[in-house]
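# mind folding the following:
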Amino acid sequence: MFWHLRCYPRAVDTPLGAVVVLIMNMIATQTRSLRATGLITLLFAVALLVCRNAFADPPAPANDLAETSSNLAVTISVLTNDVDSTNQLGILQVTPPSHGTAIINSNPAVLTPQLSNLFQFAAIQLSNSVKQVNNTNLYPRRILPNGTWSNSTVTDWIVGFFPGAMWYVYEQTGDTNFLNWAREWTAGIASQQHVTNTDDIGFMINDSFGNGLRITGDTNYRAVVITAAQSLTNRYNPIVRSLADDLLLPPTNFQVILDTM
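Residues are numbered from 1 along each chain as shown. The predicted model follows:
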């Protein structure tokens, strides 16, 4: 079989200090049109990992060999001995083997030192936010001038970002504190799976329950995601072939937003 590699461009010419400054500046930016919130900024580093040298230096893959008995699965850490000095490596897909099956497990790709530092920074910010909010029915929305969080209730469109950030940090660090926190703040959003009067259901449910399903495989999360998707279909117009935004206008008017197109 063949392993297909995907590279994640590093942040060339973007020192960690500059990343931190950009993150702090983004925290103060709360514009709905840009979908920017304080929570998004905890993962904003991902957006900074686009650079002009993304594919300048191809990776140097190495062969991997593993032996196993019949009907006994074996895990192969195929990226451990692969080298790329400029890009983050990850498995995109695998071709079917001649016998048996091959799957890509849910383990995250090995982080570069720079990404590790960014996730450590995000973990510190998140854990401090958990301590400050201290209520699983509240969700951080924006930073006040005194440095504290202004929180929203579960009906705000941004509620999925807080547990979503926790899921990502847990996935990369394995710290079970973030797993527990992610579960607690995700559970508080369950009621929104039945909401039909907003186009933001994907932000609310997929960032929270969707990531939980992807990372843990919890079938209870899957049921919530499916229900939320069914709720969103109420906004679909078969003539326009698009989802309506928050305003469901009477025919023949139909209003859309980039989020739903």
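# now residue 62. Nearest residue, chain neighbours left out?
Of all residues not flanking residue 62 in the chain, residue 81 sits nearest, at 4.4 Å (CB to CB, 6 or more residues apart in numbering). Where you see a C-beta, it was placed from the backbone N, CA and C, and this is true even at glycine.
# what distance do you get for the one you found to residue 147?
45 Å (CB to CB, to the nearest Å).
# same check on residue 248?
Applying CB to CB, the value for residue 248 to residue 147 is 39 Å.
# one more: residue 253?
Here the criterion is CB to CB. By it, residue 253 lies 44 Å from residue 147.
# what is the neighbour count of residue 67?
By other CB atoms under 10 Å, 5 other residues sit near residue 67.
# cool, and residue 164?
By other CB under 10 Å, the residues close to residue 164 number 26.
# can you tell me the closest non-neighbouring residue to it?
Going by CB to CB, 6+ apart, residue 164 has residue 207 as its nearest residue, at 3.3 Å.
# where does that neighbour land in three-state SS?
Taking DSSP: H, G, I helix; E, B strand; the rest coil as the rule, one finds residue 207 in the helix state.
# what about residue 224, how many residues close to it?
The number of residues near residue 224, taken as other CB under 10 Å, comes to 23.
# would it count as being in a helix?
Yes. Counting by three-state DSSP, residue 224 is part of a helix.
# which ones are touching it?
Taking CB atoms under 8 Å, 6 or more residues apart in numbering, we find residue 224 in contact with 190, 193, 205, 209.
# excluding its backbone neighbours, what's nearest the first one?
By the measure of CB to CB, 6+ apart, the closest residue to residue 190 outside its immediate chain neighbours is residue 224, 6.1 Å from it.
# packing partners for the longest helix seen in the chain?
The helix that spans the most residues within the chain, counting by DSSP state H, is helix 113-133. If contacts are counted by 3 or more CB pairs under 8 Å, 6 or more residues apart in numbering; DSSP states H and E, helix 113-133 sits against helix 16-27, helix 38-42, strand 139-143, strand 149-152, helix 161-173, helix 176-187.
# mean confidence for the longest one?
Mean per-residue pLDDT for helix 161-173: 93.
# local confidence estimate at the nearest residue to residue 200 once chain neighbours are set aside?
Counting by CB to CB, 6+ apart, residue 157 is the residue found nearest to residue 200 once chain neighbours are left out, at 3.7 Å. Predicted confidence (pLDDT) for residue 157: 94.
# what of residue 7?
As predicted, residue 7 sits at a pLDDT of 38.
# what about the stretch 101-250 of the chain, any weak spots by pLDDT?
Applying pLDDT under 70 to the stretch 101-250 of the chain flags the ranges 104-111.
# 80 instead, please
For the stretch 101-250 of the chain, the stretches with pLDDT under 80 are 101-112, 246-250.
# follow-up on the earlier one: residue 81 and residue 147: which has the busier surroundings?
Each of residue 81 and residue 147 has its neighbours counted (other CB under 10 Å); residue 81 has more, 11 against 8.
# doesn't that one belong to a strand?
No. Residue 81 is assigned coil when assessed by three-state DSSP, not a strand.
# okay, it and residue 68: tell me how far apart.
Residue 81 is 19 Å from residue 68, by CB to CB.
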